[in-house]
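Participant: how would this look folded up:
(chains A and B)
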Amino acid sequence: EAQVTQNPRYLITVTGKKLTVTCSQNMNHEYMSWYRQDPGLGLRQIYYSMNVEVTDKGDVPEGYKVSRKEKRNFPLILESPSPNQTSLYFCASSSGTGAGYTFGSGTRLTVV
Amino acid sequence: GESVGLHLPTLSVQEGDNSIINCAYSNSASDYFIWYKQESGKGPQFIIDIRSNMDKRQGQRVTVLLNKTVKHLSLQIAATQPGDSAVYFCAEYGAGNNRKLIWGLGTSLAVNP
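Facilitator: This next block holds a predicted model:
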């Protein structure tokens, strides 16, 4: 089944403790992206990647890092999480220009 | 399930009626538009798309209309069912090559049995 897989689905952590949210897609998509979703603010792009070893900042990149060493994987790294990063996170991928996204099921992160 | 948005515009319809969800997009240079559906606790799911060289596209029970003159997009759902209850987002591809989507804030559709 074609899908984007995120892990974990739920995570509660403490301020300052580094964490990684994994994302993997099995559709051979070139383009991958991370979003956060907050009430009243909609979906905001954190980082995106147009291909292996090519990443760029989205609208809200502060406090996040990403890497794209392989085509299928696009992990999101929070080096020192803070409570304002409590949110619902989505990974998404797409094929070529003008293609719609396939989204993962989301990761609910709580930073206390 | 998780709430994906507070104070969203809400459309309430009776089961079996037709629904129309509207979206005003921001960039006159956008040339590709997509509607997504997000059910509670899930990620957004692609419904239908349309390119700017078209003004109407039909899918199964859904129709998207594009009015470039007034930068307006609508999603029509025929014979709305309880399973259609969700938040609906429109998205546009802005001018440029970074495939950056510009997202609307969403409309919540509630289907009453």
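
Participant: May I have the secondary structure class of B:Arg57?
Facilitator: strand (DSSP: H, G, I helix; E, B strand; the rest coil).

Participant: Endpoint to endpoint, stretch A:94-112 covers what distance?
Facilitator: 33 Å (C-alpha to C-alpha, to the nearest Å).

Participant: Which residue is the nearest non-sequential neighbour of the residue of chain B found nearest chain A?
Facilitator: The nearest approach of chain B to chain A comes at B:Gly43, 3.4 Å away (C-beta to the nearest C-beta). Heads up, the C-betas are built off the backbone N, CA and C, glycines and all. Once flanking residues are discounted, B:Gly43 sits nearest to A:Phe103: 3.4 Å by C-beta to C-beta, 6 or more residues apart in numbering or on different chains.

Participant: mind checking pLDDT for the one you found?
Facilitator: pLDDT for A:Phe103: 95.

Participant: And for B:Ala29?
Facilitator: Reading off the confidence values, B:Ala29 has pLDDT 85.

Participant: Around it, how many other residues sit close by?
Facilitator: 10 (other C-beta atoms under 10 Å in any protein chain shown).

Participant: How about the residues of chain A by chain B?
Facilitator: Applying C-beta under 8 Å from any C-beta of the partner chain, one finds that chain A approaches chain B through A:4, A:31, A:37, A:39-43, A:45, A:48, A:50, A:56, A:58, A:88, A:90, A:92, A:94, A:97-98, A:100-106, A:108.

Participant: Buried subset of those residues, written for PyMOL?
Facilitator: Buried members of those, defined by 16 or more other C-beta atoms under 10 Å in any protein chain shown, are picked up in PyMOL with:
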select buried, chain A and resi 4+31+37+42+43+45+48+50+58+88+90+92+94+100+101+102+103+104+106+108
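
Participant: Among the residues of chain A next to chain B, name the ones in strands.
Facilitator: A:4, A:31, A:37, A:42-43, A:45, A:48, A:50, A:56, A:88, A:90, A:92, A:94, A:102-103, A:108 (DSSP state E).
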